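A.B. asks: Sequence below, structure please.
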Amino acid sequence: LLRYRLAAFSVTGSYVYVDATEPDPAGGGRRMVPLTPRHTGGLVGMWEKKGTGKIGLEAYYTGRQLLEDNPYRSRSRPYFELGAMAEIIFGKISLFVNAEDLLDVRQTRYDPLLLPQRAPDGAWTVDAWAPLEGRVVNGGVRIRFGGETE
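C.D. replies: Numbers count the residues shown, from 1 in each chain. The predicted model follows:
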């Protein structure tokens, strides 16, 4: 994790490398732990001025994951997610908007969620390895009661 700040601007970067293995149930050796990406990373940029507002952008990467009991593929696809947010402050009232998954990444763009037939454990769907909801945008109003404004 690295963070750099310069006046009202900040940039935060993160990277995680995971080397998680387990005994292979098929026998003979070890395998990667299912649904555990080896590489993940993120980058967040933010401008913030106290009492005025803030604007931020974020980007995240998720690498390939071993999939288990998935008839469509044995490894997931890597993917990127982008997000943005903004808030403007008017005294004790602020307006905000937040947008996530701007690239509209969805697991269903690659493969169906439903299995062709029910699994031995009774499941009807594959495990989720990517976002399922796609692009999400929300906004609102915050009202601060008492105390100091930001």
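
A.B. asks: For the chain, which residues score under the pLDDT cut-off?
C.D. replies: 148-150 (pLDDT under 70).

A.B. asks: for it, what spans make up the strands?
C.D. replies: Assigned by DSSP state E, the strands in the chain fall at 2-6, 9-17, 21-23, 30-32, 39-49, 53-62, 79-90, 93-100, 136-143.

A.B. asks: Include distance to Leu114 and mean neighbour count when you put those strands into a markdown table, please.
C.D. replies: In short, each C-beta sits where N, CA and C put it, glycine included. A markdown table is the format used below for the strands of the chain (distance: least, C-beta to C-beta, whole Å; neighbours: other C-beta atoms under 10 Å):
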| stretch | distance to Leu114 | mean neighbour count |
| --- | --- | --- |
| strand 2-6 | 41 | 9 |
| strand 9-17 | 31 | 13 |
| strand 21-23 | 27 | 11 |
| strand 30-32 | 25 | 14 |
| strand 39-49 | 27 | 15 |
| strand 53-62 | 23 | 17 |
| strand 79-90 | 21 | 16 |
| strand 93-100 | 25 | 15 |
| strand 136-143 | 23 | 11 |
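
A.B. asks: Can I get those strands in a markdown table including distance to Asp127?
C.D. replies: Formatted as a markdown table, those follow (distance: least, C-beta to C-beta, whole Å):
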| stretch | distance to Asp127 |
| --- | --- |
| strand 2-6 | 32 |
| strand 9-17 | 20 |
| strand 21-23 | 16 |
| strand 30-32 | 14 |
| strand 39-49 | 17 |
| strand 53-62 | 14 |
| strand 79-90 | 15 |
| strand 93-100 | 21 |
| strand 136-143 | 21 |
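
A.B. asks: Contact partners for the closest residue in space to Glu81 that isn't next to it in sequence?
C.D. replies: Leaving aside its sequence neighbours, Glu81 sits nearest to Tyr60 (C-beta to C-beta, 6 or more residues apart in numbering; 4.7 Å). Applying C-beta atoms under 8 Å, 6 or more residues apart in numbering to Tyr60 gives the contacts 40-43, 80-83.

A.B. asks: Thanks a lot, see you next time.
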